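Peer 1: What follows is a predicted structure for the sequence shown.
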Amino acid sequence: MITLEKVCFAYEHEVALRYIDLHIEKGDSLVIQGPNGCGKSTLIKLLNGIIFPSEGYYFYKDHEITEKALKDRQFAKWFHQQMGYVFQNADTQMRLPEAEVRERTEDCLQLFGIEKLRERPPYHLSGGEKRKVSLACILSLNPEVLILDEPLAGLDEKTQDMLLTFLKDFHRAGKTLITITHNRQLAEELGT
Ligand code: ADP
Ligand code: MG
């Protein structure tokens, strides 16, 4: 379902990904581990269509994912619905055009029937609450693939247990899970 062929990515002064080959089938649960700075977050930004290979190819369900392909509004909408990404830091804004952000936010608010909370600033929510809200928003779009960057960090035990149960169910339902984590127990529970 997801194929990377010889993918490279370089920031201005830093090569972050070098010739990555990766194949993920529908229903796989993949755990990505590695030291700080090894390129985990970069890989995830690329899978999510926020950045694009400087060399090599990225295919999702036989579509090549390029900046040009995602300029097509219909295609971008489909792709972003398929690919759910929960941020490591819920305060970080995805680098999407403002109109796109507005449209997605509107979709979430409507789906949850919480349009009235539109003007509530996110800084009035706790870190854990923000994470729950962002996860709920993403799940409301019924993604095919869920990408998580350290999903348990900063959550209380009860919420951690809830999330772990949910992730296992999500995987059991045949969905694809990609998790970055340093948490050994989580890696063991989710790795296949
Ligand atoms: P990880 O998530 O595994 O800690 P990253 O993907 O964030 O690693 O970073 C990979 C490399 O790219 C690191 O050397 C980091 O310094 C560099 N890097 C990450 N983001 C940027 C950026 N926005 N601009 C320049 N270099 C970056
Ligand atoms: Mg990172």
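Peer 2: That came through fine. Ligands and ions are numbered 1, 2, ... in the order given.
Peer 1: and I138, what does it touch?
Peer 2: Residues near I138 by C-beta atoms under 8 Å, 6 or more residues apart in numbering: 84-86, 146. All C-beta atoms are positioned from the backbone trio N, CA, C, and that covers glycine.
Peer 1: For it, what is the enclosing helix or strand?
Peer 2: Under the criterion DSSP states H and E, the helix or strand holding I138 is helix 127-140.
Peer 1: same check, this time on D21
Peer 2: D21 belongs to strand 14-24 when assigned by DSSP H and E.
Peer 1: near ligand 1, which residues of the protein show up?
Peer 2: Applying C-beta under 6 Å from any ligand atom, we find that the chain lies next to ligand 1 at 11, 14, 16, 34, 36-42.
Peer 1: Just the buried ones from those?
Peer 2: Among those, those classed as buried by 16 or more other C-beta atoms under 10 Å are 16, 39-42.
Peer 1: For stretch 159-169, buried residues please.
Peer 2: 160, 163-164, 167.
Peer 1: from those residues, which ones fall inside helices?
Peer 2: 160, 163-164, 167 (DSSP state H).
Peer 1: The residue minimising distance to the centre of the chain: what's it in contact with?
Peer 2: Central residue of the chain (C-alpha atoms, centre = their mean): Y85, 1.9 Å from the mean position. For Y85, the contact set (C-beta under 8 Å, 6+ apart) comprises 44, 48, 94, 138, 147.
Peer 1: Poorly predicted segments of this structure, please.
Peer 2: In the predicted model of the chain, residues 87-97, 100-101, 104-105, 107-120, 122, 126, 128-129, 140 satisfy pLDDT under 70.
Peer 1: coming back round to it: which of the contacts of Y85 sit farthest apart?
Peer 2: Using C-beta to C-beta, the contacts of Y85 reach their maximum pairwise distance at I44 and I138, which is 13.6 Å.
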